[in-house]
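**Student:** could you work out the structure for the sequence below:
(2 chains)
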Amino acid sequence: MDNSSQESQLRSDNSATYDSTYPLYAMALSSSSTSSNHQRIAVGSFIEEYTNRVDILSFNPETLTLRPNPSLSFDHPYPPTKLMFHPSTPSSLLRHSAVDLLATSGDYLRLWEVRESSVEALSLFNNSKTSEFCAPLTSFDWNDIDPKRIGTSSIDTTCTIWDIEKGVVETQLIAHDKEVYDIAWGEARVFASVSADGSVRIFDLRDKEHSTIIYESPQPDTPLLRLAWNKQDLRYMATILMDSNKVVILDIRSPTMPVAELERHRGSVSAIAWAPQSSRHICSAGDDAQALIWELPTVAGPNGIDPMSVYSAASEINQLQWSVAQPDWIAIAFANKMQLLRV
Amino acid sequence: MPSCSRVQSMLQAAVQSLHWTYTIFWQLSPQQRVLRWSDGFYNGEIKVRRTVEAIEANKSNSNNEEASLQRSNQLRDLYDLLLSDRQGDLIFAADPPATPRPCTALSPEDLSESEWYYLMCVSFSFAPGVGLPGKAYARRQHVWLQGANEADTKTFSRAILAKSAHVKTVVCIPMLDGVVELGTTDKVKEDINLIKHIKSFFIGDHHRPQPKHALSENSASNPITEEAQLLLDSETATLPQSKLKELVMTEDSSRAGSPDDGSNRLNSAGLELLPPESAASLELLHGDEYDNNSEAETSHLCTEQEGHTHYSKTVSTILEGSSGHRPDAVCGLLSFQSAFATWSSRAYNCHQVTVVENPQRLLKNILFRVPYLHRKQNRHNSNNNSAKTLEQLERTMMPSPQDDLISSHVAAERRRREKLNEKFITLRSLVPYVTKMDKASILGDTIEYVKQLHEKVKKLEEEDKRRRSGKKRKERAVEVSVIEGEILLEVECMNREGLLLDLMRALKEVGIEVRGVKSSFKGDDERVFVVELRGKVKENGKRNNNNNKKKKISIMEVKKVLRNIINPHHPL
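**Tutor:** Predicted coordinates for the structure are as follows:
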């Protein structure tokens, strides 16, 4: 839906845009700037063919320049389902400091070393015994407290926890009854996942036998598509349902009952991101081409919670990332564009 | 104004007797409780001659007093005229200038430095205790300042003015209801007699009604001063070019005794007017002081610095105020440069519901379809079918229970294959000389190996048979039977030359008389000799020992003899 008539006016001092030649879906922002002041942004293509690409851009928040690095571009089989930079720099994995580690998921979890002028494939993590079968990944999350751990979610109903330093599987759990669509770390050994079975479950690696269901979609078996854990206040998580304009906020201390349902989008929500610097703010974006920033009050009014601010893009927003390194910047992806917006 | 003129006359008399430059009478205004310029007499240098009348006056060298008076009046009238321009602002209507506006104007450049100084003094006011006049008033004692032109502004606020004007000595004497100030461009040492002398001019009028009661006097003077103040309050650094009375050149011949003869000069050659900048700064300075002094509470002498700090304070207060009013976001999250706009419910209500054919299209593709592309690709890896569209595969690959079935098949097949692999490995270990490790090679080599084994077995069996059959042919047959002395011998053995002869001779020796012989040859190569011997057994005489017993030979002995003949090298 083209909402160009309501599109926000952008100035050169509060935004930067990158135009790609193909549609973009996956996106990642480097968490720490390794060199000078620029931040790296990885964007993954969404081409309905085998050959897809991942491009690395450089963003300088002071000069507001956003430029691609043609030498830092690599192929990926089919669209990458998620991209993520290392949350902190694990010294054991880096050979020298001006390097970013990027993880991609698709058929397998792969690690890439993004150097100054080249990208080198570092590892491929394949858990299957034979080469015949893999369990393709829908998503993954990099543990920022214990960065040698990456958790992946797969359509084979399992979540796999990798020790990427040793290159081995730490554990593999059958997490849900159906395909797992997203996974998010809370603490060093605690993660949560959402599935097509409509549930949000929390797992503790110290007790792999048991998991806790903290929410189930009201219509049974309505898939939950995305999950986000509030890193500033670990009590809260957010999830979105299939074909729904609601952002469901959950408190892990009170399961099954959501704390809030944010219902101000005029179309289905596709992406959510908690603010990295504030415990009460969350951003959501969807098919109404709007990105809304919400401030969660301690007490909600009778009419529900209204957003704090809004940005209108030119078309449906498919991806949203809130920069941890530069918390006053939010990145969105819609159509062929990637846009950085000043908060 | 008679009172004024009286005071003025006193002032005039006093200053002229001393030949000093000027005199000012500071009067305390009861309302503001400050000493303000009330009256004065300028007795100093006059700079410019501009008017015809002035020239005439100059020529005439008329009465200096008169000229000085005129000058003073002019200077005062300058204020009056300035005030008259602002008549609307005045509370009390000033006494309209008695004299009409002169055709000639007194312009700034016409004034000498000391005139400037005198003019500027009008704007000053002093609270009791502040400044020279204030101190004199407060202490009820005269204040003598020597070196006024070099004093610092804290001591003497008009020091800068005095410096330009070369006013070197200023004396303030509390008198009447105010302070009489006298100043001169000469350096005069403090002299109590002089003070007494000055006082003498005023004491004579002490019977005059007290200035406190002379409200009219005050009221008369106040408006002027007030007006002057008001004027100077609003005045910027420019002096209006108003018309003033004609300037009259004076020859200050009465000041013959004055050391400063330069003051008698008529032309302005030696006198330069204050440069406009300094004039402006003076005015600004004055203005600051004036503003400051106009406030009753600020009784301190205001220096330029103080004025500036006050300004900066004000500016910073304004800025702080404005910054405090900066619209801050509710939570402090949004910067003022935000790309996000504040959300409004009105806009929300106006925003129509977005109806999209395929909600969350990209997200669903990523989660539902893309993973199965990988699976399909994996299965058909050998097909080199790289260009698969989502639509093609979508039809076939849908998440469904079929997948569960497929996965179980898959598992079973995997197990089978694993078993086969194990067996192949075992097979490989059994077969020697295996060069390649792939399954086809293993099988081929195994086939070869089995064939070889067959051959070997066959050969071995044959050899074995032959050996066995060979051993049977070598075996000899000797049969002997005896019935009533009649012996029958049957021998079958390998033939050799002279075998029959040897047999018969041996038989003869053992006492067997051979009566009949039947012999033949048999076998493939007739190497086997068959013989049948009949005979009679006699006593064996020769072979006996010393016993000489004649004994008939036994069958065993006959066999033994025969075998010895047949197998001479193989004794039984």
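**Student:** which ones are touching the closest residue to residue A:159 other than its chain neighbours?
**Tutor:** Distances taken as C-beta to C-beta, 6 or more residues apart in numbering or on different chains place residue A:175 nearest to residue A:159, at 4.4 Å, with adjacent residues excluded. In this view, the C-beta of every residue, glycine as well, is placed from N, C-alpha and C. By C-beta atoms under 8 Å, 6 or more residues apart in numbering or on different chains, the contact set of residue A:175 is A:153, A:157, A:158, A:159, A:193, A:195, A:201, A:203, A:211.
**Student:** out of these, which comes closest to residue A:229?
**Tutor:** For those, the residue nearest residue A:229 by C-beta to C-beta is residue A:193; the value is 10.8 Å.
**Student:** pull out the buried residues from stretch B:357-368.
**Tutor:** Residues B:359, B:360, B:361, B:362, B:363, B:364, B:365, B:366, B:367, B:368 are the ones in stretch B:357-368 that count as buried (16 or more other C-beta atoms under 10 Å in any protein chain shown).
**Student:** dump those residues to TSV, plus distance to residue A:239.
**Tutor:** Conversion of the buried residues of stretch B:357-368 to TSV gives the following (distance: C-beta to C-beta, whole Å):
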residue	distance to residue A:239
B:359	16
B:360	13
B:361	19
B:362	18
B:363	13
B:364	16
B:365	19
B:366	16
B:367	14
B:368	17
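**Student:** which strand in chain A runs the most residues?
**Tutor:** strand A:65-77 (DSSP state E).
**Student:** could you say which helix or strand holds residue B:174?
**Tutor:** Secondary structure here is read from DSSP states H and E; on that basis residue B:174 sits in strand B:169-175.
**Student:** for that strand, packing partners?
**Tutor:** Contacts of strand B:169-175 with other secondary structure elements, assessed using 3 or more C-beta pairs under 8 Å, 6 or more residues apart in numbering or on different chains; DSSP states H and E, are made with helix B:131-139, strand B:143-146, strand B:178-184, helix B:192-203.
**Student:** among those, which is the most enclosed?
**Tutor:** Per-residue neighbour counts averaged over each of the helices and strands packed on strand B:169-175 give the maximum for strand B:178-184, namely a mean of 28 (mean count of other C-beta atoms under 10 Å in any protein chain shown).
**Student:** which stretch of helix or strand covers the closest residue to residue B:439 other than its chain neighbours?
**Tutor:** Leaving out its chain neighbours, the residue that sits closest to residue B:439 by C-beta to C-beta, 6+ apart is residue B:424, at 5.5 Å. Using DSSP H and E, the element containing residue B:424 is helix B:402-430.
**Student:** so for that helix, what's the average pLDDT?
**Tutor:** Rounded to a whole number, the mean pLDDT of helix B:402-430 is 78.
**Student:** what's downstream of it, the next helix or strand?
**Tutor:** Stepping forward along the backbone from helix B:402-430, the first helix or strand reached (DSSP H and E) is helix B:439-473.
**Student:** so which bits of the very next helix or strand once past that next one are buried?
**Tutor:** Following helix B:439-473 in sequence order, the next helix or strand is strand B:477-483 (DSSP H and E). Judged by neighbour count using 16+ other C-beta under 10 Å, the buried positions of strand B:477-483 are B:478, B:480, B:482.
**Student:** let's have those residues in a markdown table, adding pLDDT.
**Tutor:** Output for the buried residues of strand B:477-483, formatted as a markdown table (pLDDT from 0 to 100):
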| residue | pLDDT |
| --- | --- |
| B:478 | 87 |
| B:480 | 90 |
| B:482 | 89 |
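**Student:** residue A:180 versus residue A:160, what's the distance?
**Tutor:** When distances are taken as C-beta to C-beta, to the nearest Å, residue A:160 and residue A:180 turn out to be 10 Å apart.
**Student:** which neighbours do these two share?
**Tutor:** In terms of C-beta under 8 Å, 6+ apart, residue A:160 and residue A:180 are both contacted by the residues residue A:154.
**Student:** understood, closing this out.
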